[in-house]
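**Student:** Quick one: sequence and predicted model below, then my questions.
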Amino acid sequence: MLTMLAKILKVLNSQVSPWQIGWAIALGLFAGILPLGLLTLLIVLIVCLLTINLSTFIVVWGLTEGLMLLFATPLENLTWQYAQNDSLLQLLANTETLQLLHLHHTLTLGAFVLGAVLLLPIAWLSKTLVMQYRVRVMNSVQKWKIMQMLKASKLFALYEKLN
């Protein structure tokens with residue numbers, strides 16, 4: 001747990017572009033929402049091709065996978081309610097590419113639509129929050145007495161070692 005916290009602090013305090021962190025969070029969320037399959041592998045391939053922060057992507061992917069254990073059933077029920085269009089069902093059933101991507105399954109279809117809708121807003125919001133953290137919070141946090149105490153602790157030694 002301390003190692004993960006130290007890595008997050010390292011990423012936030014590093015010179016990594018806020019867009020790289022934002023896209024890592026957004027793509028990690030997208031990969032975590034989807035059930036493991038070809039779509040998830042395509043997202044991982046995109047992550048490998050782009051210059052984003054890999055540790056942030058993995059942490060967000062893992063956290064989102066855990067949250068999907070709670071939200072998979074409501075998402076599937078919601079998708080089932082709205083996917084009862086005959087032309088949509090025929091398109092999903094008759095197109096081999098969509099079948100290969102498992103978009104004919106209600107959970108995969110709902111997760112893909114939700115991930116696609118949230119991708120750009122999450123990337124932008126994450127970028128904005130990282131920039132605000134660096135401008136407003138990072139310098140003032142360094143001055144807090146609790147932070148000075150943490151600098152003497154094992155966590156800060158681990159953080160410094162990772163730098």
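**Tutor:** Structure received.

**Student:** This protein: helices as residue ranges?
**Tutor:** For the chain, the helices defined by DSSP state H occupy 2-13, 18-33, 38-49, 54-82, 86-94, 96-100, 106-132, 138-143, 145-151, 154-162.

**Student:** Would you mind giving those helices as JSON lines with mean neighbour count and mean pLDDT added?
**Tutor:** Any C-beta I mention is one placed from the backbone N, CA and C, and that applies to glycine too. Putting those into JSON lines (neighbours: other C-beta atoms under 10 Å; pLDDT from 0 to 100) gives the following:
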{"stretch": "helix 2-13", "mean neighbour count": "15", "mean pLDDT": "69"}
{"stretch": "helix 18-33", "mean neighbour count": "24", "mean pLDDT": "95"}
{"stretch": "helix 38-49", "mean neighbour count": "15", "mean pLDDT": "94"}
{"stretch": "helix 54-82", "mean neighbour count": "15", "mean pLDDT": "91"}
{"stretch": "helix 86-94", "mean neighbour count": "11", "mean pLDDT": "86"}
{"stretch": "helix 96-100", "mean neighbour count": "11", "mean pLDDT": "88"}
{"stretch": "helix 106-132", "mean neighbour count": "17", "mean pLDDT": "94"}
{"stretch": "helix 138-143", "mean neighbour count": "11", "mean pLDDT": "73"}
{"stretch": "helix 145-151", "mean neighbour count": "11", "mean pLDDT": "63"}
{"stretch": "helix 154-162", "mean neighbour count": "13", "mean pLDDT": "65"}
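
**Student:** so how far is Ala93 from the residue sitting furthest away from the middle of the chain?
**Tutor:** Most distant from the centre of the chain: Asp86, at 33.0 Å, with distances by C-alpha atoms, centre = their mean. Going from Asp86 to Ala93 by C-beta to C-beta, to the nearest Å gives 10 Å.

**Student:** now do Leu103
**Tutor:** 10 Å.
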